[in-house]
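Asker: sequence unavailable; structure follows:
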């Protein structure tokens, strides 16, 4: 196995303690697993002269590590995916409030924590996809996915997936626990197969004919438009898509976001980094580098993202949605969503 310079650095950092206090440095714990993020880090260093040390890992492992390190943790910034993880980090006491005029001006209020413990910096729409040759009238809302007419036709990820947890939490927020439970039960009844794989695997299910309807984040499909994704790109013209609930609340958006660690030894640099992530240059790169929607309004979209078309996004406060994640997890258990 050959490691890139950045990957080797991450491995080495994982095996030794990072320096707790060092001027001009920033220690980042990140669960984002995208090589394209290298440009974000190098641009920040070029602009500020601040050296970035980075540990990458799965979100839950990083949270456990920060908790175990306690007050001696070298972590300055936590970067992770989805409101559920950001909320969990806050509830574990791993983040601290940030007072920044720049972040308040740049990041919409619904994409940040009510107490400024975390901020969203990029977005992904949770889209309904369908097989064009099999579906004449695709579902147009999330609630439509529970229609008995779709029995045996829907591919969707497991209940352990954070994207589904936040989607169901948003449905609880909008429609209440009883309606959300009915919806989840209906979706379970409509599954074409037991939940398996990631978002791209749901799209592959459409191409293979295993299902007629699938739920996936927008950037997985946009990536398949931009580059060759096995099992999807070669037959991508077979797939249609719907931004759900355009006459109602709008398409559900989940986040990739960050917060300043509770015991950050380089707090000022950490705040500078969060402010940098809200800059136009960083926001453009989230879209061009990883096919995401920027959090800051008015920032240009990558061609692959723009191809998805304009749509109405759900502007529900995601900090409020995060409070309903425990309810969503309970519902998944009740209805037997594996």
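Answerer: Noted; the coordinates are in hand. As the structure is a computational prediction, the values presented were derived from the model and not from experiment. Numbers count the residues shown, from 1 in each chain.

Asker: roughly how far does residue 266 sit from residue 73?
Answerer: As judged by Cβ to Cβ, to the nearest Å, residue 266 and residue 73 stand 12 Å apart. Where you see a C-beta, it was placed from the backbone N, CA and C, and this is true even at glycine.

Asker: quick one, strands of the stretch 51-200 of the chain?
Answerer: Along the stretch 51-200 of the chain, the stretches classed as strands by DSSP state E, counting those that start in this stretch are 51-56, 77-81, 95-96, 119-131, 154-155.

Asker: give me the domain ranges for the protein.
Answerer: 5-123+253-316, 126-251+320-335 (automatic domain parsing).

Asker: lowest average confidence across those, which one?
Answerer: Among the domains of the chain, domain 5-123+253-316 carries the lowest mean pLDDT, at a mean of 88.

Asker: quick one on the thing from earlier: and of the strands of the stretch 51-200 of the chain, who's closest to residue 273?
Answerer: Closest approach to residue 273 among the strands of the stretch 51-200 of the chain (Cβ to Cβ): strand 77-81, 5.7 Å.

Asker: tell me the angle that closest one makes with strand 51-56.
Answerer: Comparing the axes of strand 77-81 and strand 51-56 via axes from the mean of the first three to the mean of the last three Cα atoms, to 10 degrees yields an angle of 40 degrees.

Asker: got a list of what residue 154 touches?
Answerer: Each residue near residue 154 by Cβ atoms under 8 Å, 6 or more residues apart in numbering is listed here: 145, 187, 190, 191, 192, 211, 212, 213, 214, 215.

Asker: any idea how many residues pack against residue 160?
Answerer: Neighbourhood size, residue 160 [other Cβ atoms under 10 Å]: 12.

Asker: check the one 3 residues further on too.
Answerer: The criterion is other Cβ under 10 Å. On that basis, residue 163 has 22 neighbouring residues.

Asker: likewise for residue 239?
Answerer: Residue 239 has 18 neighbours, counted by other Cβ under 10 Å.

Asker: run through the bridge partners of it.
Answerer: As for beta bridges, residue 239 partners with residue 131 under DSSP bridges.

Asker: start at 43 instead
Answerer: Sure, I'll start counting at 43 from here, so that last one is residue 281.

Asker: quick one: it from residue 298, how far?
Answerer: From residue 281 over to residue 298 the distance is 24 Å, taken as Cβ to Cβ.

Asker: now swap in residue 313 and tell me
Answerer: According to Cβ to Cβ, residue 313 and residue 298 sit 18 Å apart.

Asker: what of residue 144?
Answerer: 19 Å.

Asker: the two - which one has more neighbours?
Answerer: Here residue 144 and residue 298 are compared on neighbour count by other Cβ under 10 Å; more neighbours surround residue 298, at 27 against 14.

Asker: the inter-axis angle of the helix or strand where that one lies versus strand 161-173?
Answerer: Assessed by DSSP states H and E, residue 298 sits inside strand 295-303. Taking the same axes, to 10 degrees, strand 295-303 and strand 161-173 form an angle of 160 degrees between their directions.

Asker: partner strands of strand 295-303, with direction?
Answerer: strand 119-123 (antiparallel), strand 137-138 (antiparallel), strand 161-173 (antiparallel).

Asker: so what's the gap between the very next helix or strand once past it and the chain middle?
Answerer: Remark: after strand 295-303, the chain's next helix or strand is helix 309-319, criterion DSSP H and E. Relative to the chain's own centre, helix 309-319 is displaced by 20 Å; criterion: Cα atoms, centre = their mean, to the nearest Å.

Asker: run through the neighbouring helices and strands of helix 309-319.
Answerer: For helix 309-319, the elements it packs on are strand 67-72, helix 80-90, strand 119-123, helix 143-148, strand 161-173, strand 295-303, judged by 3 or more Cβ pairs under 8 Å, 6 or more residues apart in numbering; DSSP states H and E.

Asker: who touches it?
Answerer: With contacts defined as Cβ under 8 Å, 6+ apart, helix 309-319 is touched by 66-68, 70, 82, 85-86, 89-90, 92, 118-119, 138, 140, 142, 144-145, 148, 161, 163, 300-303, 306, 324-325.

Asker: again, only this time at 6 Å
Answerer: Residues outside helix 309-319 that contact it (Cβ atoms under 6 Å, 6 or more residues apart in numbering) are 68, 86, 92, 118-119, 140, 142, 144, 163, 300, 302, 306, 324.

Asker: of all those, which two lie farthest apart?
Answerer: That would be 306 and 324, which, of the contacts of helix 309-319, are the farthest apart (Cβ to Cβ) at 19.7 Å.

Asker: got the contact list for residue 336?
Answerer: 325, 328, 329.

Asker: and the first one, what is it in contact with?
Answerer: Listed by Cβ under 6 Å, 6+ apart, the contact set of residue 325 reads 336, 338, 341.

Asker: among those, which lie within strands?
Answerer: residue 336 (DSSP state E).
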